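Chemist: need coordinates for the following:
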Amino acid sequence: MYSTSVPWKVLSSQVSVSVLLEDWNLANNEPEADTLRSYVVQVVFDSPFLSVPVVHLGLTGFDIDQRDSARLTVKAESITESGFQAVISTWSNTRVYAAELNWLAIGS
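Modeler: Numbering: from 1, shown residues only. Prediction:
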């Protein structure tokens, strides 16, 4: 039986976002205690994959106001062959001034 193998493709990079961005909303202290606040970063791959890759995110740094608890999540959503959305979220009275993350995409 004959089969062709497609080599693995791996791409990675770092994303840094902060209050210096005009639409940054994670430093606001919302009056609703359980209000989820999210900031979305659109990541575009340098070259597209042949199929939807697996994307791994890792939080590598953050700047959070020390007066409140540190609540922060990062996740990859809307993954396609050409990119994904990195969603950075916080809730309650946490104020996030900056976040850094690394991403790794593996596919063919």
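Chemist: can you give me the strands in this protein?
Modeler: According to DSSP state E, the chain carries its strands in the segments 9-18, 37-44, 54-64, 73-77, 83-90, 96-107.
Chemist: other SSEs contacting the shortest one?
Modeler: In other words, strand 73-77. Using 3 or more C-beta pairs under 8 Å, 6 or more residues apart in numbering; DSSP states H and E, the elements in contact with strand 73-77 are strand 54-64, strand 83-90, strand 96-107. C-beta here means a position set from N, CA and C on the backbone, and glycine is covered the same way.
Chemist: partner strands of it and their direction?
Modeler: Strand 73-77 pairs in its sheet with strand 83-90 (antiparallel), by DSSP bridges.
Chemist: now do the partner strand against strand 54-64, angle only.
Modeler: Here strand 83-90 runs at an angle of 30 degrees relative to strand 54-64 (axes from the mean of the first three to the mean of the last three C-alpha atoms, to 10 degrees).
Chemist: list the buried ones in strand 83-90?
Modeler: 83, 84, 85, 86, 87, 88, 89, 90 (16 or more other C-beta atoms under 10 Å).
Chemist: tabulate these (a markdown table), appending distance to residue 59.
Modeler: Output for those, formatted as a markdown table (distance: C-beta to C-beta, whole Å):
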| residue | distance to residue 59 |
| --- | --- |
| 83 | 19 |
| 84 | 16 |
| 85 | 16 |
| 86 | 10 |
| 87 | 12 |
| 88 | 9 |
| 89 | 12 |
| 90 | 12 |
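Chemist: and those residues, which is closest to residue 70?
Modeler: The shortest gap between residue 70 and any of those belongs to residue 90, at 8.8 Å (C-beta to C-beta).
Chemist: just checking, that closest one touches residue 74?
Modeler: No. Residue 90 is not in contact with residue 74 according to C-beta atoms under 8 Å; the separation is 10.5 Å.
Chemist: pick the most deeply packed of the strands of the chain.
Modeler: strand 83-90 (a mean of 20; mean count of other C-beta atoms under 10 Å).
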